[in-house]
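>>> The amino acid sequence is not available; the structure is as follows:
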């Protein structure tokens, strides 16, 4: 997903801080800039210094922060791409261009219907926003999070474990080194067959696993992260 920036209203957001999460994952904290978003939505960003083409200077990221935090977070793996190198080189006070708030990867508030949340690696970012927002507004976390990661270095682990400790209705399983598949999801969360499954992670995985779940008549909502695969998610 990379629509043109032309005819988009652009807002400059100042960098307030940045910090490492785990491995090569880093969080960049920006001012909200007047944006009002629903937990799970995404924004487009542009850094002209990254290059002359959209492929070099434009990216979309899910907002990793909850609206209740009053800040916009980008949490991403730092790769050798020109955009991410330019992002990583930003200093406090520098600005990024933001535009095109959109997305429907949101948890509809129906406490009677538990959900299954499936994250592959950096695909955890929308769930941080969603879960923290529900907790902040007193809504139940009546779901199961399956967090598939390549290694035991899991972003946001302490925050997620805190939510699990406080909300007994919330279950979380961190699964290290196992391939994400429809079979794996139903093995770790059998009730997923009768629930809405939220699926977030590398684009190819989300497409393949989402299709497999749909073939089993499972209700699926999807959030794609381009540029990642089974080796770097």
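Now that the structure is in, tell me what you want to look at. All values derive from a computational prediction rather than experimental measurement. Numbering: from 1, shown residues only.
>>> doesn't residue 134 fall inside a strand?
No - remark: residue 134 does not belong to a strand; assigned using DSSP: H, G, I helix; E, B strand; the rest coil, it is helix.
>>> Report the contact partners of it.
Counting by C-beta atoms under 8 Å, 6 or more residues apart in numbering, residue 134 touches 39, 107, 140-141. C-betas here are computed from N, CA, C, even on glycine.
>>> what does the model give it for pLDDT?
Model confidence at residue 134, given as pLDDT, is 95.
>>> Against residue 185, how distant is it?
21 Å (C-beta to C-beta, to the nearest Å).
>>> Wait, residue 180 touches residue 201, no?
Yes - the criterion here is C-beta atoms under 8 Å, and residue 180 meets it with residue 201 at 6.7 Å.
>>> where does residue 168 land on pLDDT?
94.
>>> Contacts only, for it.
Contacts of residue 168 by C-beta under 8 Å, 6+ apart: none found.
>>> and with 10 Å instead?
Contacts for residue 168 (C-beta atoms under 10 Å, 6 or more residues apart in numbering) come out as 140-141.
>>> Give me the phi and psi for it.
phi -70, psi -20 (degrees, to the nearest 10).
>>> again, but for the one 3 residues further on
Per-residue torsions, residue 171: phi -110, psi 150 (degrees, to the nearest 10).
>>> Tell me, how many residues neighbour it?
19 (other C-beta atoms under 10 Å).
>>> try residue 112
6.
>>> One more: residue 101?
16.
>>> How about residue 188?
17.
>>> That one: what's it in contact with?
Residues near residue 188 by C-beta under 10 Å, 6+ apart: 116, 118, 144, 146, 148, 171, 173, 175, 178.
>>> Which residue ranges of this structure form strands?
Secondary structure of the chain (DSSP state E): strands at 11-20, 25-31, 42-46, 58-62, 71-77, 95-102, 115-120, 143-149, 171-176, 196-202, 219-225.
>>> Please identify the most buried of those.
strand 115-120 (a mean of 27; mean count of other C-beta atoms under 10 Å).
>>> Select from the strands of the chain the stretch with the lowest mean pLDDT.
strand 219-225 (a mean of 91).
>>> what's the domain layout of this protein?
Domain ranges of the chain: 11-102, 115-225, per automatic domain parsing.
>>> Which positions within stretch 176-192 qualify as buried?
180, 182, 184-186, 188-189, 192 (16 or more other C-beta atoms under 10 Å).
>>> possible to save the residues you listed as a markdown table with distance to residue 95?
Below are those laid out as a markdown table (distance: C-beta to C-beta, whole Å):
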| residue | distance to residue 95 |
| --- | --- |
| 180 | 36 |
| 182 | 43 |
| 184 | 42 |
| 185 | 40 |
| 186 | 45 |
| 188 | 42 |
| 189 | 42 |
| 192 | 42 |
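>>> Need the phi and psi values for the residue lying farthest from the centre of the chain.
With distances taken as C-alpha atoms, centre = their mean, the residue sitting farthest from the centre of the chain turns out to be residue 52, at 27.1 Å. With angles defined as degrees, to the nearest 10, residue 52 sits at phi -90, psi -10.
>>> Residue 41 is in contact with residue 106, correct?
Yes - with contacts counted by C-beta atoms under 10 Å, residue 106 reaches residue 41, the gap being 7.1 Å.
>>> tell me, what's touching the two both at once?
126, 129.
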